[in-house]
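In: Whatever this is, show me its structure:
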Amino acid sequence: MTTLFYSHPACLDHDTGGMHPESPARLEAVLAALEAPEFAGLERREAPPVGPAQLARAHSEAYVEAVFEAIPETGHVNLDPDTIISPGSGEAARRAAGAVCAAMMGIGRETSRSADGTGCILHGSECALTV
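Out: Residues are numbered from 1 along each chain as shown. Here you go, the predicted structure:
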């Protein structure tokens, strides 16, 4: 059996600044650990981007628009005391949501029937979906 693994380099572009625990360095550490021989069997797939309609399945359209409109061209913006966004945050969010959507859509499809699990690495957070 194989485990499907979704990620995308754009997730490294979600820069929350030097003091926030969710950082590109954290994701890099997870990805580096997954290069170990015991993870050689992972079937790696690129996380596709999602559009506003897919994001609106989990959040209101107004919220999605507000977040994407707040993404700065340079620097950082605090959406709230714990949520910091940067120029790469929009694409990272689209790819992270796309990873989860692809993993869920793939469960039970012909392409993943031989898979015994699916995982997504999204800016340092792991989401493991077991079939």
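
In: give the contact list for Asn78.
Out: The neighbourhood of Asn78, defined by CB atoms under 8 Å, 6 or more residues apart in numbering, consists of Ile84. The C-beta positions use only the backbone N, C-alpha and C, and glycine is treated the same way.

In: Any idea what it is bridged to?
Out: Ile84 (DSSP bridges).

In: distance of it from Ala53?
Out: Separation of Asn78 from Ala53 (CB to CB, to the nearest Å) stands at 27 Å.

In: ditto for Gly17
Out: With distances taken as CB to CB, Gly17 is found 31 Å from Ala53.

In: Of those two, which one has the most company?
Out: Set side by side, Gly17 and Ala53 show unequal neighbour counts under other CB atoms under 10 Å, the larger going to Gly17 at 12 against 9.

In: And the more buried one, what's its pLDDT?
Out: Among the per-residue scores, Gly17 holds a pLDDT of 87.

In: so it, which of the three states?
Out: In terms of secondary structure, Gly17 is coil; the call rests on DSSP: H, G, I helix; E, B strand; the rest coil.

In: just checking, it touches Val77?
Out: No. Contact between Gly17 and Val77 fails when scored by CB atoms under 8 Å: they sit 10.5 Å apart.

In: what do those two both touch?
Out: Ile84, Ser86.

In: Could I get the average pLDDT for stretch 44-52?
Out: Averaged across stretch 44-52, the pLDDT comes to 92.

In: same check, this time on stretch 76-88
Out: Across stretch 76-88, the per-residue pLDDT values average to 92.

In: show me where this protein has helices.
Out: Listed in chain order, the helices of the chain (DSSP state H) span residues 24-33, 52-55, 61-70, 89-106.
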